[in-house]
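Student: Need a 3D model of the following:
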Amino acid sequence: LPCKFFLRMRPLRPVFALYVLAYCLFRVHSEVEIPEKCTKEMELEELWNISYDFGKHGLFDESRLCFERYAVLNYLNEKVWCLLSEIHARIGNTQGAVQYAFVAARISGHEKRGAEGFFLLANGYMGMNRFDLARQNFYRAIRIDPSHVSSMVNLGVVLGNNNDYNEAIPVYRRAVAIDPTIMAARHNLGSALHTVKRFGEALHVLEALRRDEPSCFECILSLGHTLSEVKMLERAKAAYKDAMDLRPQDPDALLNYYHTKQQVIDWEDRDHLFERLK
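Tutor: Residues are numbered from 1 along each chain as shown. This next block holds a predicted model:
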C-alpha cells in the first residue's frame, strides 16, 4: 500500500483516510516480518484471536503486525485501533500510540464507546509531556462516558502535575464514588487533600485505605506523612515502621521513621538506624 496514495484519496471516507495515514506512518518502519500464520486466508475472528494470543505471550511486534492486517480488513472496528495504540505504548512508540488512538476516537465519535479512544489518546499525550492535550482529551472521554473511571484517575494525575489539586480532588472523589475498589483513586485523593492542607479529610481517606489495603506501601507512607503534619507523632512513627517492614531498604520510609523517632525522643536502635541511613 503506497503511502503517496493518501495524497490522492479525497473521494474516500475520512475515517479510511485516517487509517491510511496511520498505516503509512508505522507499518513501513517495521523490522519484523508479519507472522506467516497471520497472512493466510481466515475468518476475522480467527485473525483477531491469533493477534491477541501473540500479545498475551509478550510478542508485541508480532501482535502489532497481525492486528494491523486485521485493521486493513476491518478498519471501522475501533477496538483494533485501541489495541494497536496500547501495543505501541507498550513497545515505547508514543507517537504511534497517539496516532492509532486518534483513529479510534474519530471512528467512535461522541458515542459512549468512543471514550476509550480519547482515554488512550490522552495517555499518549501524557507520554509526550503534552499535559494540556492530555487534560483536554481526558475531559472529552469523561463527557462521553461519565463512568469512565480510568480517565478520571489519570486526569487527576495530570491536574496534580500542574498543581491544580483543588480541581483534581472532586475528580478523584467522583472516581471513588463510582468504584471504591480503585486503590490509586483513593490514594491520590488522600495525597491531594494532604497537599492542599486539608489534613482531616486526608486522614479520613488514608486511614480507611490503610485498613483496606494493608500491603500498600505508598498508602501507609502517605498516612505517616499526614499523621506527622498533624503532630500525631506516635501514630506516624508506627505507620513509618509498618512501611519500613514492607520495604526495609526504602530510603524514604527509613528516613521518616528515624526522624519521627527523634521527635518523640525514642532512641531505641538509634545507632543501627543511623548506620543504615549512611
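
Student: Please enumerate the helices of the stretch 151-278 of the chain.
Tutor: 165-178, 183-195, 199-212, 217-229, 233-246, 251-263, 270-277 (DSSP state H, counting those that start in this stretch).

Student: Now do the fifth one against helix 217-229, angle only.
Tutor: This points to helix 233-246. With axes from the mean of the first three to the mean of the last three Cα atoms, to 10 degrees applied, the angle from helix 233-246 to helix 217-229 works out at 160 degrees.

Student: Now do helix 233-246: which elements does it pack against?
Tutor: Using 3 or more Cβ pairs under 8 Å, 6 or more residues apart in numbering; DSSP states H and E, the elements in contact with helix 233-246 are helix 217-229, helix 251-263. Just so you know, the C-beta spots here come from the backbone N, C-alpha and C atoms, and that holds for glycine as well.

Student: Just send the ones you listed back as a markdown table, with distance to E86, mean neighbour count and mean pLDDT too.
Tutor: Output for the helices and strands packed on helix 233-246, formatted as a markdown table (distance: least, Cβ to Cβ, whole Å; neighbours: other Cβ atoms under 10 Å; pLDDT from 0 to 100):
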| stretch | distance to E86 | mean neighbour count | mean pLDDT |
| --- | --- | --- | --- |
| helix 217-229 | 25 | 22 | 96 |
| helix 251-263 | 31 | 18 | 85 |
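
Student: rewinding a little: which among the helices of the stretch 151-278 of the chain is found nearest to I34?
Tutor: Of all the helices of the stretch 151-278 of the chain, helix 183-195 sits nearest to I34, with 36.6 Å by Cβ to Cβ.

Student: Low-confidence stretches in this structure?
Tutor: Judged by pLDDT under 70, the chain has its weakly predicted residues at 1-32, 265-278.

Student: F119 is in contact with M152, isn't it?
Tutor: No: F119 sits out of contact with M152 when judged by Cβ atoms under 8 Å, with a separation of 10.0 Å.

Student: any common contacting residues for the two?
Tutor: Each of F138 lies in contact with both F119 and M152 under the rule Cβ atoms under 8 Å, 6 or more residues apart in numbering.

Student: contacting residues for the spatially closest residue to L65 that is not a sequence neighbour?
Tutor: Nearest-residue entry for L65: I34, 4.3 Å, with adjacent residues in sequence omitted and distances by Cβ to Cβ, 6 or more residues apart in numbering. In this structure, I34 makes contact with 62, 65-66, 68-69, judged by Cβ under 8 Å, 6+ apart.

Student: Could you check which helix or strand contains the residue lying closest to N137 once chain neighbours are set aside?
Tutor: Take N137 and drop its neighbours on the chain: the residue closest to it by Cβ to Cβ, 6+ apart is A122, 3.7 Å away. In this structure, A122 is located in helix 115-127 according to DSSP states H and E.

Student: now swap in I50 and tell me
Tutor: For I50, the enclosing helix or strand under DSSP H and E is helix 44-56.

Student: What are the buried residues along that helix?
Tutor: Neighbour-count burial for helix 44-56, with 16 or more other Cβ atoms under 10 Å as criterion, is recorded at 47-48, 50-51, 54-55.

Student: tell me what that helix is packed against?
Tutor: Under the contact rule (3+ Cβ pairs under 8 Å, 6+ apart), helix 44-56 is packed against helix 60-73, helix 78-90.

Student: let's go with 7 Å and repeat that
Tutor: The criterion is 3 or more Cβ pairs under 7 Å, 6 or more residues apart in numbering; DSSP states H and E, and the helices and strands that helix 44-56 contacts are helix 60-73.

Student: Check the offset of the helix it packs on from the chain's centre.
Tutor: Centroid displacement of helix 60-73 relative to its chain, using Cα atoms, centre = their mean, to the nearest Å, is 23 Å.

Student: What sits closest to the spatially most central residue of the chain if chain neighbours are left out?
Tutor: Within the chain, one residue has its C-alpha closest to the average C-alpha position: by Cα atoms, centre = their mean, that is N154, at 6.1 Å. Excluding the flanking residues, the one nearest N154 by Cβ to Cβ, 6+ apart is F138, at 6.0 Å.
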